[in-house]
Every structure is written in structure tokens, then in C-alpha cells.
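Novice: Next comes the sequence, and after it the predicted model I'd like to discuss.
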Amino acid sequence: MNIFVLMKSTFDTEEKVLIENNSIVDDDAEIIINPYDDYAIEEAIKQRDQHGGEVTVVTVGNEDAEKQLRTALAMGADQAVLINTEDDLEDGDQFTTTRILQAFFEDKEVDLILAGNVAIDEASGQVGPRLADKLNIPCVTTITKLDISGQIVHIERDVEGDVEVIEASLPLLVTCQQGLNEPRYPSLPGIMKAKKKPLEEFEIDDLDLDEDDVEQKTKTIEVFLPPERQAGRILEGELDDQVKELVSLLKNDAKVL
């Protein structure tokens, strides 16, 4: 079985977010595998161990992403691919990433592609479904269970706190949600083996793409932090008076009534 994982490098959720010149400053931030992609990597390894085949982890980014790819290899993936856009692209969006991945997958035999449900930095959740559409394969999002029997796939997915059961067929792209599995930590032997596993690097020229092919379709107008949370207020006095004061505050101060 040919299994691929779409991986993105993101800043650690524990990092303090700084914004300068209308962009997020992550120069000194700790960069990690997008947490939802950890579920995808773990599930890919589990399916490979059960059904055979290879797991290839693919990312679009710069050379710094090699560290996260090596982590995925240490977890148990067989090989990794870095599509390095550092010298070719200044900016990109979900269209850009999807178009690059589409070109990469054009000559690949694919059984299963797994991705994180969303990336924690932008949280658009677009790349997986967009890529499935371009590759003309089925897509199921926010999955919490995956069972493969031959060419038939039985899936459970999270829907607003409930569960939807779906049957699909391979080839297939799924995006992974918390609850699907418990991602493993790289072991010391795994880390040592990862150093010898293949990590292939491409640039967009290698995929027969030029800058016009991957030009972004959207533009970020403004990036800003949410307002600081104000201190709570305790209403005192008789209950009727508290209710009147609360209604007044909601109407005149919060302006939600």
C-alpha cells in the first residue's frame, strides 16, 4: 500500500505569538510538526504495519522543515520529501500549496493520503480537500476511526459532537482529528534509523511549475492579536437589582442586546 502523509511545520502552541509589520514573528519560536499532522503520521504507520507498503511524508516549505521530517521518520515513516520553495516563492496560500502538491502527486500511485484536520497557525482546513479534488479521489474530513478491508474503507468522523459512519473506497484522502489515535514519541533507535532513511528534496522547477502556476489567489489584509481579556465583574445587591444591572451592561456597554 502506498501511503502518503501531508505534513506542515508550525510554531509550538506554547510559544508567545508576536506580530510585527502585519505578520507573525516566528524567527526564534520553536517549530514543530503541526499537532493534527501527528495523528496523520501515526495512523499512516499503523495502517502500513497492518497492510504492508510504505509511508512517505511530504511537506512544502523551506530547508528548516527537514528537522520535522526527520522527526516523522524517527516515528516510523519510511521516507520523506521536502518541496523547498524558499528560493522561488515569497508568499503563498492554500491554492499555492495545493497546486505544488498536485504536481508532485501527478505521477505517483496513491492508495491513501492522510493529513491533519487543520494547521494550528492558519486553521483553514483547505489543503486536504482541495488536493483530493485536484486528484479526483474521495475525501473524508475530521476522521476519528479508519478501518481498511481490501479496497473498502470504513470511517468514523466527528460531526458537531456526534459520530458519522462512512464507507469509501481506495484511493482516498482523509484528514485526521484528535481521538483517532495516540501519536508515538520517537524512540532512540528510531532517531538513529531516521538519519539513514531517504529524504528527497525538490524545488518547484523540478515539478515543471513556474511562479505564475502557483501564484497565490488570496491576500492577507491584516494580522492582529485578539484584545486582551478584561477582568470580570461581580454584581452585588439584591437579585432583582443584579438582573437590572446585568441587562443594562449587556445593552449599553457590551451592546449585545
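Specialist: It's in. Numbers count the residues shown, from 1 in each chain.

Novice: Next, work out how far apart D208 and L101 are.
Specialist: Distance from D208 to L101, counting by CB to CB, to the nearest Å: 14 Å. Placement of C-beta: from N, CA and C, glycine included.

Novice: Repeat that for E211.
Specialist: 17 Å.

Novice: and if you look at A132?
Specialist: From A132 to L101 the distance is 11 Å (CB to CB).

Novice: what do these two both touch?
Specialist: Shared contacts of A132 and L101 (CB atoms under 8 Å, 6 or more residues apart in numbering): none.

Novice: Give the residue from D208 and L101 that has the larger number of neighbours.
Specialist: L101 (25 against 9; other CB atoms under 10 Å).

Novice: Which residues lie in contact with the more buried one in this structure?
Specialist: 6, 58, 60, 83, 127, 131.

Novice: and the helix or strand encompassing it, what's its mean pLDDT?
Specialist: Element membership for L101, per DSSP states H and E: helix 94-105. The average pLDDT for helix 94-105 rounds to 95.

Novice: quick check, distance from stretch 119-138 to the centre of its chain.
Specialist: Stretch 119-138 sits 9 Å away from the centroid of its parent chain (CA atoms, centre = their mean, to the nearest Å).

Novice: How about stretch 131-140?
Specialist: Worked out by CA atoms, centre = their mean, stretch 131-140 lies 16 Å from the chain centre.

Novice: Show the end-to-end separation of it, please.
Specialist: 12 Å (CA to CA, to the nearest Å).

Novice: re earlier: so how far is the helix holding L101 off the chain centroid?
Specialist: 14 Å.

Novice: Check stretch 164-178 too.
Specialist: 16 Å.

Novice: quick one: contacts of that stretch?
Specialist: 36-37, 39-40, 43, 110-118, 125, 128-129, 131-132, 135, 137-144, 146, 148, 151-158.

Novice: end to end, how far does it reach?
Specialist: 15 Å.

Novice: what's the answer for stretch 163-179, then?
Specialist: Start-to-end, stretch 163-179 (CA to CA) is 12 Å.

Novice: please renumber so the chain begins at 660
Specialist: Will do, 660 is the new start, and the previous item becomes stretch 822-838.

Novice: quick check: mean pLDDT across it?
Specialist: 96.

Novice: list the buried ones in that stretch?
Specialist: 827, 829-836 (16 or more other CB atoms under 10 Å).

Novice: chain center to it, what's the gap?
Specialist: 15 Å.

Novice: cool, stretch 777-795 as well?
Specialist: 8 Å.

Novice: tell me which residues in the longest strand along the chain are buried?
Specialist: The strand that spans the most residues within the chain, counting by DSSP state E, is strand 798-808. For strand 798-808, burial by neighbour count (16+ other CB under 10 Å) applies to 798-805, 807.

Novice: what would those residues look like in JSON lines with pLDDT and distance to E823?
Specialist: Shown next, in JSON lines, are the buried residues of strand 798-808 (pLDDT from 0 to 100; distance: CB to CB, whole Å):
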{"residue": "C798", "pLDDT": "97", "distance to E823": "14"}
{"residue": "V799", "pLDDT": "97", "distance to E823": "9"}
{"residue": "T800", "pLDDT": "96", "distance to E823": "10"}
{"residue": "T801", "pLDDT": "95", "distance to E823": "9"}
{"residue": "I802", "pLDDT": "96", "distance to E823": "10"}
{"residue": "T803", "pLDDT": "96", "distance to E823": "10"}
{"residue": "K804", "pLDDT": "97", "distance to E823": "11"}
{"residue": "L805", "pLDDT": "97", "distance to E823": "13"}
{"residue": "I807", "pLDDT": "97", "distance to E823": "18"}
